[in-house]
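Student: what's the 3D shape of this:
(one chain, ligands or ions: 1)
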Amino acid sequence: MSERSLGDQSSSFDRLQQYQAQVKIEPIEENKVIKESLPSIEVNGDAMVKDLAQSEHKGNFDPNKTLNTTAGLEIDVRDVNFFYGKKQVLFDVSLPIRSRQVTALIGPSGCGKSTFLRTLNRMNDMIPDTRVEGQALFHDQNIYDRKTDVVLLRQQIGMVFQRPNPFPKSIFDNVAYGLRVQGKPRKYIEEMVEKSLRGAALWDEVKDRLRSSALGLSGGQQQRLCIARALAVQPDVLLMDEPCSALDPIATLKIEELITELVKEYTIVIVTHNMQQAARVSHFTGFFLSGKLVEYGPTTQIFERPQQKETEDYISGRFG
Ligand SMILES: Nc1ncnc2c1ncn2[C@@H]1O[C@H](COP(=O)(O)OP(=O)(O)OP(=O)(O)O)[C@@H](O)[C@H]1O
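Tutor: Have a look, this model is predicted:
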């Protein structure tokens, strides 16, 4: 965990985040091709629940083997309510985000997953007339506290969006952006750009064209570039809002593999519509319905032995 404190504010990172927030993020249907390439979730019934939990992991990662039910709390969310204007969309949500574990947030469209994710680094602040109540303790400080430095917060809790949103700059400049804003020296920036691109499993593909436009990369590469950009400022937590929904199956698998590597060093929270994805990459899962957290627990438990009927109905494909 970083020992930086949430102190003074500066505006450049705000501008970066505003830029990111301005990028149009449209909810899109789960990638049909992905759906077809993986075990079907369209089957009803109990057998399905088991199948889903046991759906084969591509690659070698098995979250069961690295599940740590006693991992410390990176963020401790307590009794969160959230409002767009007068409309309340989150109701008393309490959820532990465990260190160096992947927490998946699942639930039907409109249940509040993305809104909840955005409360964790105050991205909702950019939407006028919104209000949050409750507490999210991060490094013993309430994220929602007025005194929280949101610029620093968003460095510590980085975000990757549905659609890759590289800046119209070179590959190098994209990753260097946050470090330049921080006024880091050139040598440090060069080292961190390489380290971050390696960390995002992109270095080998781009090392010979660092000065080329990021917009020339494929969608999957752009998404890994956005991950590298987030890593460059050394976050503790990565929030991922359906990071694969705009990607093809191969690019999706690369991001999933990357997640399973990144979690060795970072805490990850991922919103996904794709339940196989949650089963493949996450240690813990929270199931949201109509703005409430219906159930939370180790992913295998949620998929194999859900305690709530709504959870079972959802993961069995009975609704949503
Ligand atoms: N900017 C906004 N202004 C007003 N209401 C909003 C805004 N963004 C989301 N909502 C509403 O808040 C509720 C939760 O939306 P949210 O996007 O968090 O759900 P979600 O579970 O992530 O959905 P999806 O899976 O479709 O992305 C929905 O009723 C949605 O219409």
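Student: so Leu105 makes contact with Met275?
Tutor: No. Between Leu105 and Met275 there is no contact under CB atoms under 8 Å: 11.7 Å. In short, each C-beta sits where N, CA and C put it, glycine included.
Student: Now do the strands in this protein.
Tutor: With DSSP state E as the criterion, the chain has strands at 73-84, 87-98, 102-106, 130-138, 141-142, 157-160, 237-241, 267-271, 284-289, 292-298.
Student: I'd like those strands written out as a markdown table, with mean pLDDT, mean neighbour count and distance to the ligand added.
Tutor: Formatted as a markdown table, the strands of the chain follow (pLDDT from 0 to 100; neighbours: other CB atoms under 10 Å; distance: least, CB to the nearest ligand atom, whole Å):
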| stretch | mean pLDDT | mean neighbour count | distance to the ligand |
| --- | --- | --- | --- |
| strand 73-84 | 98 | 18 | 3 |
| strand 87-98 | 98 | 17 | 4 |
| strand 102-106 | 98 | 27 | 8 |
| strand 130-138 | 97 | 18 | 8 |
| strand 141-142 | 96 | 16 | 21 |
| strand 157-160 | 96 | 24 | 14 |
| strand 237-241 | 97 | 24 | 8 |
| strand 267-271 | 98 | 26 | 6 |
| strand 284-289 | 98 | 26 | 6 |
| strand 292-298 | 98 | 19 | 12 |
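Student: Tabulate those strands (CSV), appending distance to Thr66.
Tutor: Formatted as CSV, the strands of the chain follow (distance: least, CB to CB, whole Å):
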stretch, distance to Thr66
strand 73-84, 15
strand 87-98, 11
strand 102-106, 9
strand 130-138, 22
strand 141-142, 28
strand 157-160, 21
strand 237-241, 16
strand 267-271, 12
strand 284-289, 12
strand 292-298, 11
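Student: closest one to Thr260 among those?
Tutor: Proximity of the strands of the chain to Thr260 was assessed by CB to CB; the nearest stretch is strand 102-106, lying at 7.9 Å.
Student: Okay, now the sheet partners of the closest one, with direction.
Tutor: Strand 102-106 has the following strand partners under DSSP bridges: strand 267-271 (parallel), strand 284-289 (parallel).
Student: For stretch 179-192, list the C-alpha coordinates in CSV.
Tutor: Extracted as CSV, the C-alpha positions of stretch 179-192 are listed here (Å, rounded to 0.1, in the frame of the first residue of the first chain):
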residue,chain,number,x,y,z
LEU,A,179,4.2,11.3,-15.0
ARG,A,180,4.7,14.5,-16.9
VAL,A,181,1.8,16.1,-15.1
GLN,A,182,3.6,15.0,-11.9
GLY,A,183,6.8,16.7,-13.2
LYS,A,184,8.9,13.6,-13.1
PRO,A,185,12.4,13.7,-14.7
ARG,A,186,12.9,12.4,-18.2
LYS,A,187,14.9,9.4,-17.2
TYR,A,188,12.4,8.3,-14.7
ILE,A,189,9.6,8.7,-17.2
GLU,A,190,11.4,6.6,-19.8
GLU,A,191,12.0,3.8,-17.3
MET,A,192,8.4,3.9,-16.1
